[in-house]
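*Asks:* Next input, structure requested:
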Amino acid sequence: MMTSLFSIFEPSSSISWLPMNWLSTFIGIFFIPYLYWCSNSRWTYLWNKILSTLHLEFKTLLNSKSHAGSTVIFVTLFSLIVYNNFLGLLPYVFTSTSHLALTLSLSLPLWFTLMIYGWVNHTRSMFAHLVPQGTPALLMPFMVLIETISNLIRPGTLAVRLAANMIAGHLLLTLLSGVGPSLSSSLLTILLMTQILLLMLESAVAIIQSYVFAVLSTLYASEIN
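*Replies:* Numbering: from 1, shown residues only. Sure, this is the predicted structure:
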């Protein structure tokens, strides 16, 4: 039962030894050149408005000492995650963001780069973050240990949060759809309406989790400067 249930998250499409599922992450790249030849529409205006709003918000979270153009990294990160989240809601499309292989590939290099930059260029500030202001002298060793552990698990919490939320919704949709053939027509109508509502909820979760991932990454970067 559990094997067939979680098999929806396992790569299955392949040509010889080459797995094809992960290619779904790069489908959006093929549409980028066409955007330069298309006239502006309401969708492009809406998307540009969203990116501009995120740029201003991330710029506010980062302090004035941050490098120019730093927000581009986090806006791009949001765009990549929200694209893959919505792509995974389509039928027969591989949900790459439900796998730790992708989420860790996004969070771990970013966190590791921030740590190297912070400890090399802002060593004193990084040490100051280990002991919050006003901590009693007796509790300082414990605070250093707690802050160190909290810092080390940051990439893991980012990755697990995104993957777990995407897996939970897909599993719920799969479980409910599995009982469809055994239901009567009236119950099947109720199930269909429930599935539509859950799909709308999953669409909201796809946006929220992308936003949370990008905002937390921005906050981690703001602590370095």
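
*Asks:* Now the helix or strand where residue 195 lies: average pLDDT?
*Replies:* Assessed by DSSP states H and E, residue 195 sits inside helix 185-222. Helix 185-222 carries an average pLDDT of 89.

*Asks:* Could you list every helix and strand in contact with that helix?
*Replies:* Judged by 3 or more C-beta pairs under 8 Å, 6 or more residues apart in numbering; DSSP states H and E, helix 185-222 is in contact with helix 42-61, helix 71-87, helix 100-121, helix 154-178. Any C-beta I mention is one placed from the backbone N, CA and C, and that applies to glycine too.

*Asks:* Tell me which of the ones you listed is the most buried.
*Replies:* Neighbour counts (mean count of other C-beta atoms under 10 Å) averaged over each of those peak at helix 71-87, with a mean of 20.

*Asks:* starting at the chain centroid, how far to that one?
*Replies:* 8 Å (C-alpha atoms, centre = their mean, to the nearest Å).

*Asks:* Likewise for stretch 152-164?
*Replies:* That offset, for stretch 152-164, works out to 9 Å (C-alpha atoms, centre = their mean).

*Asks:* what sits up against that stretch?
*Replies:* Residues from elsewhere that reach stretch 152-164, judged by C-beta atoms under 8 Å, 6 or more residues apart in numbering: 81, 97-100, 103-104, 106-108, 110-112, 209, 212-213, 216-217, 220.

*Asks:* Over to stretch 198-211?
*Replies:* Contacts of stretch 198-211 with the rest of the structure, by C-beta under 8 Å, 6+ apart, involve 78, 81-82, 85-86, 88-89, 161-162, 165-166, 169-170, 172-173, 176.

*Asks:* Closest one of those to residue 131?
*Replies:* residue 161 (27.0 Å; C-beta to C-beta).

*Asks:* And the closest one, how close does it get to residue 103?
*Replies:* Distance, residue 161 to residue 103, by C-beta to C-beta, to the nearest Å: 8 Å.

*Asks:* Then residue 43?
*Replies:* 27 Å.

*Asks:* same thing with residue 45?
*Replies:* For residue 45, the distance to residue 103 - C-beta to C-beta - is 31 Å.

*Asks:* returning to that earlier point: quick one: closest of the helices and strands packed on helix 185-222 to residue 22.
*Replies:* Among the helices and strands packed on helix 185-222, the nearest to residue 22 by C-beta to C-beta is helix 100-121 (8.1 Å).
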